[in-house]
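**Q** here is a sequence with its predicted model. Questions after.
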Amino acid sequence: MKSVSEESDFDGPFIDYKAKGNQIELVGKEELQGKPAYRIKLTNKIGNIRFYLFDATSFLPAKWEETRVVEGKETPWESFFSDYREVNGVKYAFMIDSDSPGTDLKQTVVAEKIEINAQIDETRFAKPVVPEAPAASPAPTSPPPSD
């Protein structure tokens, strides 16, 4: 549930971070895949810590790291952001590679298209119609006990 709550923040943890109860700290500058990057530590209101690396030239997110609990074990997790493209004046990562170092857990998300304020038919949000259950057949009756 904690993860779902964090991921439902469409603006991300940095927009209005103080109002959201988040704390951010510049940890330093390091190299990421041969390029300089700024390492930022983000602590959210419930104490979870993530590290974000921002490309020092473009200031776009390049990577984030955190520790997740998977099957009761703390597991490192990281995501790399790439293939940035501009959509309505904002750059979005069209590829996100995620993995847990030292495990077989891997995932790649590739966006074919990103639309801003796309029109969505209201019927997509309607409550689904539940089909009526068939009428119950009468319960079988037992013959009366014999003496």
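**A** Nice, thanks for sending it over.
**Q** run through the helices of the protein in chain order.
**A** Counting by DSSP state H, the chain has helices at residues 2-7.
**Q** quick one: terminal-to-terminal distance for stretch 42-54?
**A** 13 Å (Cα to Cα, to the nearest Å).
**Q** make 12 the first number, not 1, from now on.
**A** Sure, I'll start counting at 12 from here, so that last one is stretch 53-65.
**Q** so how far is that stretch from its chain's centroid?
**A** 14 Å (Cα atoms, centre = their mean, to the nearest Å).
**Q** rounded mean pLDDT for it, please.
**A** The average pLDDT within stretch 53-65 is 94.
**Q** same question for stretch 113-131.
**A** 92.
**Q** buried residues in it, which are they?
**A** Buried residues in stretch 113-131, counted by 16 or more other Cβ atoms under 10 Å: none are found. To be clear about C-beta, it is placed using only N, CA and C from the backbone, and glycine gets the same treatment.
**Q** can I get that stretch as PDB, trimmed to CA atoms?
**A** Provided in PDB are the C-alpha atoms of stretch 113-131 (Å, rounded to 0.1, in the frame of the first residue of the first chain):
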ATOM      1  CA  GLY A 113      22.100  -9.400  -8.000                       C
ATOM      2  CA  THR A 114      18.700 -10.900  -8.900                       C
ATOM      3  CA  ASP A 115      16.700 -12.000 -12.000                       C
ATOM      4  CA  LEU A 116      14.100  -9.300 -11.300                       C
ATOM      5  CA  LYS A 117      14.100  -7.000 -14.400                       C
ATOM      6  CA  GLN A 118      11.500  -4.800 -16.100                       C
ATOM      7  CA  THR A 119      11.600  -2.500 -19.100                       C
ATOM      8  CA  VAL A 120       8.800   0.000 -19.900                       C
ATOM      9  CA  VAL A 121       8.800   1.500 -23.400                       C
ATOM     10  CA  ALA A 122       6.300   4.200 -24.200                       C
ATOM     11  CA  GLU A 123       5.200   4.400 -27.800                       C
ATOM     12  CA  LYS A 124       3.300   7.600 -27.300                       C
ATOM     13  CA  ILE A 125       2.600  10.100 -24.500                       C
ATOM     14  CA  GLU A 126      -0.400  12.300 -24.800                       C
ATOM     15  CA  ILE A 127      -1.200  15.300 -22.700                       C
ATOM     16  CA  ASN A 128      -4.800  16.000 -21.800                       C
ATOM     17  CA  ALA A 129      -6.000  13.400 -24.100                       C
ATOM     18  CA  GLN A 130      -9.800  13.200 -24.500                       C
ATOM     19  CA  ILE A 131     -11.100  10.000 -22.900                       C
END
